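In: below is the sequence, then the predicted model.
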Amino acid sequence: MAGSGNAHLRPEALLSARDLVVEFPAAGGRTVHAVSGVSLDLEEGETLGLVGESGCGKSTTGRAILQLPRPTSGTVQLDGQELTELDEDAIRDVRPRLQMIYQDPISSLNPRRRVRDIIAEPLFIALENVSRRTAMAVWQDRIGELLQNMLRRASGVMRIVGLLASVAFVLWILSETVEERAAEPWLGWTQVPAAVIGFPSLALLLLAAAIALLLGLTWVLLAVMLPFSLMSRQFGEVSSAVGLAGVVVTTGASAFLLWRTWSSFGGWAQWLNSGGLSLLTAVLAVWLVLSMVKPERAGASGVATTLSAMVVLQVFYVAGLDGGIKLAVLVASAVIDTLLFRWVLRCYRANRDAERERAEPRVREVLEYVGINPDDALDRRPWEFSGGQAQRLSIARALVSVPQVIICDEPVSSLDVSVQAQILNLLEDLKNLMGLTLVFIAHDLAVVKNVSDRVAVMYLGKLCEVSEPDAMFAQPAHPYTELLLAAIPQPDPEAELGTERIGGELPSPMDPPSGCRFRTRCPLAAERCAAEEPEMREIAPGRFVACHTPLIGEPAPARVDLATNAEGAS
Amino acid sequence: MSETAAQGSPWAGDPPLLEVGDLRTTFHTPVGPLAAVDGVEWSLRPGARLGVVGESGSGKSVMSRSIMRLLPKSRVTSTGTVNFDGVDMMSLGRRELLEMWGPQLSMVFQDPLGSLNPVMKIGKQVGEGLRVHRDLSARAARSAALELLEEVGIPEPHRRIDEYPHQLSGGMRQRIVIAIALACSPRLLIADEPTTALDVTVQAQILDLLEAERAERDMSLVLITHDLGIVAGRTDEIIVMYAGRIVERASTRTLFRDMKMPYTEALFRSIPKVTDDSHARLEIIGGQPPQMTDLPSGCKFAPRCKYAQDLCYAEEPALIEVPTAVPARSSITDSIDDVESDPAAGVHLYRCFYPVGTPEAAEAFERNIASGRVSEAGVVINPT
């Protein structure tokens, strides 16, 4: 065929994908036709093997089912629910039921996290979202997401502007201080950067400083609110009351401090005079600049960001005060900051531990299912495991949210044969134990045959043959299936190699052949194959093939309109 | 193999091209010495094809690198003899080695993208060896490279010669790597998992290409892989490695017909076969490959072996020869050229106290099931 058609689809399927099309834009305005009208379905408890060479679109098909990314066109229904029309949030609610196992187990597991956290993650993210989401938590999620997005999207120009502005702000502070001292002939070290960069365009600097102040303050506000929202997002318990209270209190406190700073504007000159304090401010501002360069760290080190942001604000505030009081307030705020910091940290840790504890029985259970001893594994990191063990962890992660369908994308291709056998047996056991429905993507037909109830052969974005495996292997119907079969290495020195037929490479998916896409490599290709795309049709009970002249069964009946076209052409 | 056997010459008393004797390679790790290759001995005649099979970590790649002298200098010691056509590889200096790599021995690595220079045009990479070893001019090297690209089946070599590796598919890249390895017509090519990263179809093409080139150039080939299926139809002799040791060595046909080592049997049984029904239970090798810095005393495979007895844990079996392995089976192979003319069939070494297929092994298996050490399916449940 590699042709289209839906003759092989069944009415009662758990997962049904129809006419999936996935196209990617390529350089020069061209289009990569990765998947061009593939229809698949799975009944409950069935394993569908999806087989083909690299670049045939089998992985893209698997991902399109998961909406990663969404297909260009076509429909995907899981249990009657249409997935292509759902928005991001709704899709996230579906994902616990639709999981994926990737080819390379090591790179699909975060090397810096412990096994217990990796496996428990789907529970925290997806299940919490679905089952225990309160109105308040939703609100917080939204805010948190909004802020996080603002920071993330502040990439490129925005970040550079923010950075430059903040640098200018620092220089401004320094240069002001220096100016106050300008009467002295001596050039202090603080003057050097200002002299080099700052003085030539003091006016510009002042403008930049104004922007910096605005940006800086906005950012400080964001930084203050963000960690709480993030924390509440990940750690349910704190989320509702404490989290919101935290947001309100810090926002209020920040606003108050800002207002006080502003109102004490009169004292600025005095503050700027005290060189030590402005230096301190400068250091903190530099810290802010650094966090601005890496806003993604704001989540991980959010607590620290909050604290330092507050310290900056306090410094602003304290700057407007007089001598003795200034010192007292400074000391008091330092104590308060320390206590606050410790409190936040303690809450954070307590919640993390509580969540871990709550998830642990379930994590242990799935680890035992996949044949890993939880006592050994829980506190280790993925890179401490061999390839096969790591693939077991990936399977455990997919299982923990009790999915209905798992898409396995070449789960054994990077493993040794001996380990491959272990993983194949494991998938088979789990399927029987948990009633899983699997899509098994691979390039080795022998592996696919071992696990599948139904096999679909793909070539260059189209389906060639869909059939029950034993019949397909006994007598392939599509010439491409035959070619794939010939390519399997036989562990038998007496067997004929039969590999001389395997010629050529997959044509470019940017410019697929007309008619049947396999015709350029097909030994049976005729004129008709170039002119007319074969449709999927049933050639024997349970055997569907998209080929004009299949190796078994009747050749496809000629279509009238195409026959006349051909006449006209000749 | 029938071809070479028919020619008679590769086996008939030519001196071996490569002789490896008591090769030991030890990495000095923070947790102690790691003997990645531990006393390996084999030889290869000119034009012969040797398969080296084992799981990840069995030492097969380290062995090939030790032979090529490609190991790092610090924290590794390699002892033993590697005699390549009268030249003692172990005593060569860097300069002499450079003269060996290319025209004498050459290597194809697993990851084609990793073994190609991403910022050098393909033509230049293919021609580089020729310029160094044959003193060819840039122009002559380019035309030679063009010929080589055509030979290894790169379509449109005129266009491809000026492209960079990332512009090619995985199979094409591996063809380029092979072209580089073949450029100076080496007498021995070591292919280290040349197809592991590739599709089955591309794998078949690459293996066919290697075989065609080997036959044409009368080159010797060492094919390293973890998949017995790959070496089955494409080698004359097979070495099975485990924990840095050779555990079985036999001519390909003998090995598949009469495997003695339980490890070889387990590897063979774990391959999914097209002839099996779908959902057929695969036999697995229980447990993990051994911790190489803390090897068990006795047979290294014993903790994972379904036949293992107390003796296996206590004492390491030596590599012994199968007595009169051949005649007993000659009746099965009536269609193939008779076994007597296959001189390699005589050498069948294995390292086991309870070789597969003997009544002792069957008894040992029964005992293990009875004692609960092994499940009915032959998987070790309780290794101690």
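Out: Happy to help now that I have it.
In: show me what counts as buried in the helix or strand containing residue B:254.
Out: Element membership for residue B:254 (DSSP states H and E) is helix B:252-257. If you call a residue buried by 16 or more other C-beta atoms under 10 Å in any protein chain shown, then helix B:252-257 has these buried ones: B:252-257. For glycine as for every other residue, the C-beta is placed from the backbone atoms N, C-alpha and C.
In: now these in CSV, with pLDDT and distance to residue B:172?
Out: Output for the buried residues of helix B:252-257, formatted as CSV (pLDDT from 0 to 100; distance: C-beta to C-beta, whole Å):
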residue, pLDDT, distance to residue B:172
B:252, 91, 29
B:253, 89, 33
B:254, 89, 37
B:255, 91, 33
B:256, 91, 32
B:257, 88, 37
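In: identify the farthest-apart pair in these.
Out: B:252 and B:257 (9.4 Å; C-beta to C-beta).
In: follow-up on the earlier one: the helix holding residue B:254 and chain A, are they touching?
Out: Yes. Interface with chain A: helix B:252-257 contributes B:252-253, B:256 (C-beta under 8 Å from any C-beta of the partner chain).
In: which secondary structure elements does that helix sit against?
Out: helix B:228-232, strand B:237-242 (3 or more C-beta pairs under 8 Å, 6 or more residues apart in numbering or on different chains; DSSP states H and E).
In: distance between the biggest helix by length in chain B and the chain's centre?
Out: The longest helix of chain B (DSSP state H) is helix B:200-217. Its chain's C-alpha centre and that of helix B:200-217 lie 15 Å apart, by C-alpha atoms, centre = their mean, to the nearest Å.
In: quick one: average pLDDT of the helix or strand following that helix?
Out: Downstream of helix B:200-217, the first helix or strand assigned by DSSP H and E is strand B:220-225. Taken as a whole, strand B:220-225 has a mean pLDDT of 94.
In: ok, residues contacting strand B:220-225?
Out: B:17-18, B:44-53, B:60-61, B:64, B:187-196, B:210-211, B:214, B:230-231, B:234-235 (C-beta atoms under 8 Å, 6 or more residues apart in numbering or on different chains).
In: so which of the residues you listed also contact chain A?
Out: Filtering the contacts of strand B:220-225 for proximity to chain A by C-beta under 8 Å from any C-beta leaves B:230, B:234.
In: from the contacts of strand B:220-225, which ones fall inside helices?
Out: Judged by DSSP H, helices contain the following of the contacts of strand B:220-225: B:60-61, B:64, B:210-211, B:214, B:230-231.
In: so, low pLDDT: which residues of chain A?
Out: A:1-4, A:125-352, A:498-501, A:558-570 (pLDDT under 70).
In: if we can go back for a sec, including distance to residue B:363, could the ones in helices among the contacts of strand B:220-225 go into TSV?
Out: Listed next are these as TSV, based on distance: C-beta to C-beta, whole Å:
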residue	distance to residue B:363
B:60	32
B:61	37
B:64	38
B:210	43
B:211	42
B:214	44
B:230	34
B:231	31
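In: most widely separated two among those residues?
Out: Farthest pair in those, by C-beta to C-beta: B:61 and B:211, 21.3 Å.
In: ok so, going back, format the buried residues of helix B:252-257 as JSON lines; extra columns: distance to residue B:40.
Out: Listed next are those as JSON lines, based on distance: C-beta to C-beta, whole Å:
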{"residue": "B:252", "distance to residue B:40": "19"}
{"residue": "B:253", "distance to residue B:40": "23"}
{"residue": "B:254", "distance to residue B:40": "20"}
{"residue": "B:255", "distance to residue B:40": "17"}
{"residue": "B:256", "distance to residue B:40": "22"}
{"residue": "B:257", "distance to residue B:40": "24"}
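In: please parse the chain into its domains.
Out: With no chain named, the answer covers chain A. As recorded under automatic domain parsing, the domains making up chain A are A:15-79+A:404-564, A:124-353.
In: sorry, I should have been clearer: chain B.
Out: Looking at automatic domain parsing, the domains of chain B come to B:2-104+B:186-370, B:112-185.
In: just the mean pLDDT for the last one, thanks.
Out: Confidence over domain B:112-185 (mean pLDDT, whole number) is 90.
In: contact partners of stretch B:51-59?
Out: A:386-387, A:416, A:418-419, B:25, B:36-38, B:40, B:60, B:63-64, B:222-228, B:230-231, B:234-235, B:237-245, B:252, B:264, B:267, B:289, B:292.
In: please redo it, this time with the cut-off set to 6 Å
Out: Here stretch B:51-59 makes contact (C-beta atoms under 6 Å, 6 or more residues apart in numbering or on different chains) with A:416, A:418, B:36-37, B:60, B:223-224, B:226, B:228, B:231, B:235, B:238-242, B:244, B:289.
In: please save the CA atoms from it in PDB.
Out: Taking Å, rounded to 0.1, in the frame of the first residue of the first chain, the C-alpha atoms of stretch B:51-59 are listed here in PDB:
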ATOM      1  CA  GLY B  51      31.000 -14.300  15.600                       C
ATOM      2  CA  VAL B  52      31.400 -13.100  19.200                       C
ATOM      3  CA  VAL B  53      28.200 -13.300  21.200                       C
ATOM      4  CA  GLY B  54      27.300 -12.200  24.700                       C
ATOM      5  CA  GLU B  55      25.200  -9.800  26.700                       C
ATOM      6  CA  SER B  56      26.000  -6.200  27.500                       C
ATOM      7  CA  GLY B  57      29.000  -6.300  29.900                       C
ATOM      8  CA  SER B  58      30.300  -9.700  28.800                       C
ATOM      9  CA  GLY B  59      33.500  -8.100  27.700                       C
END
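In: residue A:59 reaches residue A:410, doesn't it?
Out: No. The criterion here is C-beta atoms under 6 Å, and residue A:59 misses it with residue A:410 at 7.2 Å.
In: correct me, but residue B:286 touches residue B:378?
Out: No. Counting by C-beta under 6 Å, residue B:286 does not reach residue B:378; the two are 8.7 Å apart.
In: before we move on, the earlier item: which of the ones in helices among the contacts of strand B:220-225 lies closest to chain A?
Out: Closest approach to chain A among those (C-beta to the nearest C-beta): residue B:230, at 4.8 Å.
In: separation between residue B:38 and chain A?
Out: Separation of residue B:38 from chain A (C-beta to the nearest C-beta, to the nearest Å): 20 Å.
In: now for that residue, how many residues are close by?
Out: 21 (other C-beta atoms under 10 Å in any protein chain shown).
In: just confirm it is within a strand.
Out: Yes. Note on residue B:38: a strand contains this position according to DSSP: H, G, I helix; E, B strand; the rest coil.
In: where's it relative to residue A:428, distance?
Out: Separation of residue B:38 from residue A:428 (C-beta to C-beta, to the nearest Å): 36 Å.
In: and if you look at residue B:158?
Out: 50 Å.
In: likewise for residue A:401?
Out: For residue A:401 relative to residue A:428 (C-beta to C-beta), the value is 21 Å.
In: and what of residue B:151?
Out: 44 Å.
In: now do residue A:123
Out: As judged by C-beta to C-beta, residue A:123 and residue A:428 stand 25 Å apart.
In: same check, this time on residue B:264
Out: 25 Å.
In: out of the two, which sits in the more crowded spot?
Out: Between residue B:264 and residue A:428, counting by other C-beta under 10 Å, residue B:264 is the more crowded of the two (24 against 18).
In: just to be sure, the more buried one is in a strand?
Out: No. Judged by three-state DSSP, residue B:264 forms no part of a strand; its state is helix.
In: ok, it - contacts?
Out: Contacts of residue B:264 by C-beta under 6 Å, 6+ apart are B:240, B:248.
In: how far away is whichever residue of the stretch 301-450 of chain A sits closest to chain B from residue B:55?
Out: Relative to chain B, the nearest point of the stretch 301-450 of chain A is residue A:421 (3.7 Å; C-beta to the nearest C-beta). Residue A:421 is 12 Å from residue B:55, where distance means C-beta to C-beta.
In: these two: which is more packed in?
Out: residue A:421 (26 against 22).
In: could you measure from that one over to residue B:150?
Out: 40 Å.
In: which residues touch residue A:449?
Out: Contacts of residue A:449 by C-beta under 6 Å, 6+ apart are A:469, A:473, B:278.
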